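Asker: generate coordinates for the sequence data below:
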Amino acid sequence: MSVIYLLISISILVAIGFFIAFVIAVKSGQYDDDYTPSVRMLFDDEIKKNPKKEVQITKEKQI
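Answerer: As a prediction, the model looks like this:
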């Protein structure tokens with residue numbers, strides 16, 4: 001019977017340890033964004049706009 005008490009107390013200590021580790025991970029921001037890193041390689045790089053080309057296009061349309 002004393003072995004059961006020992007096992008229960010050890011399992012409670014392990015569960016508390018995992019809970020503390022989980023709380024620390026959440027507070028440090030580990031679970032803030034779990035979608036973007038997994039699909040980041042699927043998105044293309046952003047196209048940099050050239051303001052000079054846009055000005056030329058608008059001038060051509062006005063003529």
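
Asker: now the helices for the chain?
Answerer: Under the criterion DSSP state H, the chain contains helices at 2-27, 36-39, 51-62.

Asker: ok, Ile8 to Met1 distance?
Answerer: 11 Å (C-beta to C-beta, to the nearest Å). Just so you know, the C-beta spots here come from the backbone N, C-alpha and C atoms, and that holds for glycine as well.

Asker: rank the helices of the chain by pLDDT, which is bottom?
Answerer: Sorting the helices of the chain by mean pLDDT places helix 51-62 lowest, at a mean of 56.

Asker: with just CA atoms, put stretch 12-21 into PDB.
Answerer: The C-alpha trace of stretch 12-21 is given here as PDB (Å, rounded to 0.1, in the frame of the first residue of the first chain):
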ATOM      1  CA  ILE A  12       1.800  14.500  -9.000                       C
ATOM      2  CA  LEU A  13       5.300  16.000  -8.800                       C
ATOM      3  CA  VAL A  14       6.000  15.200 -12.400                       C
ATOM      4  CA  ALA A  15       2.600  16.600 -13.500                       C
ATOM      5  CA  ILE A  16       3.400  19.800 -11.600                       C
ATOM      6  CA  GLY A  17       6.800  20.000 -13.200                       C
ATOM      7  CA  PHE A  18       5.200  19.700 -16.700                       C
ATOM      8  CA  PHE A  19       2.600  22.300 -15.800                       C
ATOM      9  CA  ILE A  20       5.300  24.800 -14.700                       C
ATOM     10  CA  ALA A  21       7.200  24.200 -17.900                       C
END
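
Asker: just to revisit the earlier point, of Ile8 and Met1, which one has the most company?
Answerer: Ile8 (10 against 5; other C-beta atoms under 10 Å).

Asker: per-residue pLDDT, Ile63?
Answerer: For Ile63, pLDDT reads 56.
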